[in-house]
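> Below are the sequence and a predicted model; questions follow.
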Amino acid sequence: FKNNPNKSFIKGLLAKLCRRQLIAHNVCYDAAVLERLCRDYEMPSTLSPDWPWYLDTISLYFHLSQHEWQGQSYSLKNAQVDVLGWDSRGDEELVSWLKLNGFSKNEMWRVPDNILGHYGCLDAQSTWQLYSHLTPQIEKPFPDTWNFIVNEEIKYHYRAIVEMRFRGIWVDEAGLQEYAADVTADAEQIIAFLTHDSEATPWIESRSEKYEMMFAAKEPPKLTKTGKVSVRWQKWNDKLATFNRYEWLNFNSKQQLRELFYGALYSHTEVKPVFSFSGEQRTTKAGLPMWTTTIQGPNERIEHEWFSAKPEVPISKELLPKLGMAGKALHEYNRLTKLLGYVHSMLDSLRDGIHHGSLRPLGTMTGRCAGNSYNLVDGVESKVNLQQLPKDYGYLKCLKARPGHVLVDADVCYHPETEILTKRGWKTFDKLNKQDYVMQVNHKTLEGSFIKPSRIIWKDYDGALYTVGNRRGSLSVTSGHKMLYVGQRHKTR
């Protein structure tokens, strides 16, 4: 469309498309593009009862595929080879031209019309072939699934996702900026505690003095050959006048934190591999080996195990809170800086106070959507993923419903009569309190430990419950709840 200045031709083509039943591979993307073009060329919206999209071949592919195998992809280019048996992917000519001319796929509009047209024809041809190949495998053998895909998933679920992209979520921008200021102030208080009142203060002071001396030693010549004050010296002097002796510290640097905790405050024994009963070193599903060490502090002794490619004691969110007051403070500081990243990403994504978020329907087998950072409304990259919003009330309360609409907050929970193991025995969820320690399981090692929940959330729920169990017991959860199970050869998912 960028290469074609003939607006009447484009409007005529859009009118023909919107009057037909359309099939696509990834309807949510193509429907958003078509909707944006209709708006750009002042055509009627496709988000009407006459929604033109009939079927999504990626949905057929998804429902027929075995899930969760490594390297799995539902892309049309992979399906061209894996399902349709083509000798090569349909984008090879286009990709070669882009690489040869130094362009990215976001600049496809620069590609010559003959190459771009051929690429589009191959996409259309393979989509039709995929539809013809997959439809007979679902329509008659699985009529209920076929009816769900055609009459519910495409018509309502996918259209809602596309509409949400364009309607967007209203964000209280002033409130979010005020919240960012509060979080920043909390983070600065932690830095003040670490640099003045914690067990880490002597090390910080010593390191800061070292870098202050190094900076002073780098003083350049004050005068030039002509006797004038040099620009380089003036910049150095200006920086010296505003010198912050703590500016050399980076509390998100794992290297600096290792120097602090494992060089100054704590010591640790030799890092050793952990072996299984069969005599082999224990590993994760990804093949990472397991290590163990004993961390010794002035008043505490910590046995720590972890998975890593290298036998180096980690600085992790699990370990930091165990390393004294400084470790707890740094753990909270890291949480706040991560939260600030979410806040600033949301603020940067706003267009007139609206966040046009994106979701992809192929998330989980339970129907939970996946997040998508690309915003098709105005074609810009966003760092906000709606499936990864922080569970922080100060942040979430700034998200508002558009006038005449409601904002639905969908979360996952257990039934209140489900039992959970605490240090004081089994309890139902409705009997839990803030003082209880509950059992958690490491999904990599299947080892259990007790932990105090950060929050206990109660919400009204009106929807389906899913019950799973065996002879030993059962539990009920809401839709979309993640579950841990042990498969063949004790592999966990």
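Received the coordinates, thanks.
> residues in contact with the residue most central in space within the chain?
Nearest residue to the geometric centre of the chain (C-alpha atoms, centre = their mean): Gln388, 5.1 Å. By C-beta atoms under 8 Å, 6 or more residues apart in numbering, the contact set of Gln388 is Gly371. No exception for glycine: its C-beta is placed from N, CA and C like everyone else's.
> Ile295: what secondary structure?
strand (DSSP: H, G, I helix; E, B strand; the rest coil).
> doesn't Val271 make contact with it?
No. Assessed by C-beta atoms under 8 Å, Ile295 is found out of contact with Val271, at 10.8 Å.
> what do the two both touch?
Joint contacts of Ile295 and Val271 (C-beta under 8 Å, 6+ apart) are Val313.
> Of those two, give the one with the bigger neighbour count.
Ile295 (20 against 16; other C-beta atoms under 10 Å).
> if I look at that one, how far off is Ile302?
Ile295 is 4 Å from Ile302, where distance means C-beta to C-beta, to the nearest Å.
> okay, and the common contacts of the two?
Joint contacts of Ile295 and Ile302 (C-beta under 8 Å, 6+ apart) are Leu323.
> Identify the spatial nearest neighbour of Ser104, chain neighbours not counted.
Leu98 (6.9 Å; C-beta to C-beta, 6 or more residues apart in numbering).
> Identify the residues contacting the one you found.
Ser104, Lys105, Glu107, Met108, Val111.
> Count the residues that sit near Ala216.
11.
> That one contacts Leu240, doesn't it?
Yes. Ala216 is within contact range of Leu240, at 7.5 Å (criterion: C-beta under 8 Å).
> how many other residues sit next to Asp91?
18.
> if I read this right, it contacts Asn78, doesn't it?
No. With contacts counted by C-beta under 8 Å, Asp91 stays clear of Asn78, the gap being 10.8 Å.
> Only the buried residues of stretch 388-404, if you could.
Gly394, Tyr395, Cys398, Leu399 (16 or more other C-beta atoms under 10 Å).
> Nearest residue to the first one in space, please, no chain neighbours.
In other words, Gly394. According to C-beta to C-beta, 6+ apart, the nearest residue to Gly394 is Tyr179 (4.8 Å).
> How much space separates that neighbour from Cys398?
Taking C-beta to C-beta, one finds Tyr179 at 6 Å from Cys398.
> next one: Arg351
16 Å.
> ok now the biggest helix by length in the chain, how far from the chain's centre?
Looking across the chain with DSSP state H, the single longest helix is helix 324-349. Per C-alpha atoms, centre = their mean, to the nearest Å, the displacement of helix 324-349 from the mean C-alpha position of its chain is 16 Å.
> Okay, buried residues for that helix please.
Buried residues in helix 324-349 (16+ other C-beta under 10 Å): 324, 326-327, 329-336, 339-340, 342-343, 346-347, 349.
> same check, this time on stretch 317-324
Quick answer for stretch 317-324 (16+ other C-beta under 10 Å): Leu319, Leu320, Leu323, Gly324.
> could I get those residues as TSV with distance to Thr195 and pLDDT?
As requested, the buried residues of stretch 317-324 are exported to TSV (distance: C-beta to C-beta, whole Å; pLDDT from 0 to 100):
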residue	distance to Thr195	pLDDT
Leu319	22	86
Leu320	17	86
Leu323	17	87
Gly324	16	87
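> Which single one of those is nearest to Phe251?
Leu320 (10.6 Å; C-beta to C-beta).
> The closest one - nearest residue in space that isn't next to it in sequence?
Of all residues not flanking Leu320 in the chain, His331 sits nearest, at 4.1 Å (C-beta to C-beta, 6+ apart).
> check contacts around Ala31.
With contacts defined as C-beta under 8 Å, 6+ apart, Ala31 is in contact with Ala24, Thr46, Trp53, Tyr158, Arg159, Val162.
> Columns neighbour count and pLDDT on top of those, output as a markdown table?
Compiled in a markdown table, the contacts of Ala31 are given as follows (neighbours: other C-beta atoms under 10 Å; pLDDT from 0 to 100):
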| residue | neighbour count | pLDDT |
| --- | --- | --- |
| Ala24 | 24 | 93 |
| Thr46 | 24 | 88 |
| Trp53 | 21 | 91 |
| Tyr158 | 21 | 87 |
| Arg159 | 21 | 86 |
| Val162 | 26 | 86 |
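> Can you name the two of those that sit furthest apart?
Comparing every pair within the contacts of Ala31 by C-beta to C-beta identifies Ala24 and Arg159 as the most remote, at 13.1 Å.
> Between those two, which contacts overlap?
Ala31, Trp53.
> helices and strands of the chain: which one has the lowest mean pLDDT?
strand 374-375 (a mean of 59; mean pLDDT, DSSP states H and E).
> For Ser267, give its distance to Glu305.
Ser267 is 18 Å from Glu305, by C-beta to C-beta.
> Identify each buried residue in the strand or helix carrying Leu60, please.
In this structure, Leu60 sits in helix 57-64 according to DSSP states H and E. For helix 57-64, the neighbour count (16+ other C-beta under 10 Å) marks Thr57, Ile58, Ser59, Leu60, Tyr61, His63 as buried.
> Now do the contacts for the second one.
When you say that, I think you mean Ile58. His25, Asn26, Val27, Tyr74, Leu76, Leu362.
> Looking at those residues, spot the one nearest Ser208.
Out of these, the member with the shortest distance to Ser208 (by C-beta to C-beta) is Leu362, at 50.5 Å.
> what are the ranges of the helices in the stretch 1-150 of the chain?
7-18, 27-40, 57-64, 76-82, 92-100, 113-134, 143-148 (DSSP state H, counting those that start in this stretch).
> how far does the first one sit from the chain's center?
So the one you mean is helix 7-18. 37 Å.
> between it and helix 27-40, what angle do the directions make?
Orientation note: helix 7-18 sits at an angle of 140 degrees relative to helix 27-40 (axes from the mean of the first three to the mean of the last three C-alpha atoms, to 10 degrees).
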